[in-house]
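>>> based on what follows, work out the 3D shape:
(chains A and B)
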Amino acid sequence: DVKVTQSSRYLVKRTGEKVFLECVQDMDHENMFWYRQDPGLGLRLIYFSYDVKMKEKGDIPEGYSVSREKKERFSLILESASTNQTSMYLCASSFGRTSGGTDTQYFGPGTRLTVL
Amino acid sequence: AQSVTQLDSQVPVFEEAPVELRCNYSSSVSVYLFWYVQYPNQGLQLLLKYLSGSTLVKGINGFEAEFNKSQTSFHLRKPSVHISDTAEYFCAVSSGTYKYIFGTGTRLKVLA
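The predicted structure follows:
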């Protein structure tokens, strides 16, 4: 079974803090994703990575950055957390960039971040 | 541009009754379609997906969905629901790239 783990289930931070959310997958997947989930808005893509050190912006990248130094690990960074970044953050991975959009995405359990 | 619409934000249904969760999409190109389920305090997991071939797709836990190209729909059905089916269900579409567009979700509440 594919396993995607996220470093924290719940996180509380203060406005202005730098926040790191970590995601690890154990299936040698090429693609990794960070989504934000808000009630009534569904899932919105923040960033996508298709290889080590490669990344592409999603629909809502403002205020976020990412890092992928190793294939299995994808980090989301909030440079200066703000209250409007309070949300559920979901990491996902899928097999490969060349799969043409047919891949199943495998999700982690999510990190519920509260910024005070 | 693609979009996905899940018109029903919440669907209450009694246990052992049938249920249909609606999903409509818009796209100018061929698409692949997915249904994911999110149980409370968990991430999403795949229920089923349509890539090509038969328009009736069977998934896990007794769910099935039918791809209707003329109506641009991919509705999810189950003939008899259980309490354990209480969850949020997301429809998603892909047009052949890494990017998936997710709907806003439908909360299924199964009542005893």
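
>>> what about residue B:45, distance to residue A:19?
Note on residue B:45: its distance to residue A:19, by C-beta to C-beta, to the nearest Å, is 26 Å. Where you see a C-beta, it was placed from the backbone N, CA and C, and this is true even at glycine.

>>> in terms of neighbours, single out the busier of these two.
Counted by other C-beta atoms under 10 Å in any protein chain shown, residue B:45 and residue A:19 do not tie: residue A:19 has more neighbours, with 20 against 15.

>>> against chain B, how distant is the more buried one?
As for residue A:19, its distance to chain B is 19 Å (criterion: C-beta to the nearest C-beta, to the nearest Å).

>>> leaving out the residues flanking it, which one is nearest to that residue?
Among residues not flanking residue A:19 along the chain, residue A:78 sits closest, at 4.1 Å (C-beta to C-beta, 6 or more residues apart in numbering or on different chains).

>>> mind jotting down where the strands sit in the chain?
With no chain named, the answer covers chain A. Assignment of strands within chain A using DSSP state E yields the ranges A:4-6, A:10-13, A:19-25, A:31-38, A:42-51, A:54-57, A:64-70, A:73-78, A:87-94, A:106-107, A:111-115.

>>> think we crossed wires, I meant chain B
Using DSSP E, the strands of chain B run over B:3-5, B:10-14, B:19-21, B:24-26, B:32-38, B:44-50, B:56-58, B:64-68, B:73-78, B:87-94, B:100-102, B:106-111.

>>> which of the ones you listed sits closest to residue A:63?
strand B:100-102 (20.4 Å; C-beta to C-beta).

>>> in chain B, where is pLDDT below threshold?
For chain B, no stretch has pLDDT under 70.

>>> what residues does it have near chain A?
Within chain B, the positions adjacent to chain A are B:9, B:32, B:34, B:36, B:41-46, B:49, B:51, B:90, B:94-100, B:102-105 by C-beta under 8 Å from any C-beta of the partner chain.

>>> list buried residues within these.
B:32, B:34, B:36, B:43-44, B:46, B:49, B:90, B:94-95, B:98-100, B:102-105 (16 or more other C-beta atoms under 10 Å in any protein chain shown).

>>> picking that back up, and the strands of chain A as a markdown table, adding mean pLDDT?
Converted to a markdown table, those look like this (pLDDT from 0 to 100):
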| stretch | mean pLDDT |
| --- | --- |
| strand A:4-6 | 95 |
| strand A:10-13 | 96 |
| strand A:19-25 | 97 |
| strand A:31-38 | 95 |
| strand A:42-51 | 93 |
| strand A:54-57 | 92 |
| strand A:64-70 | 96 |
| strand A:73-78 | 97 |
| strand A:87-94 | 95 |
| strand A:106-107 | 94 |
| strand A:111-115 | 97 |
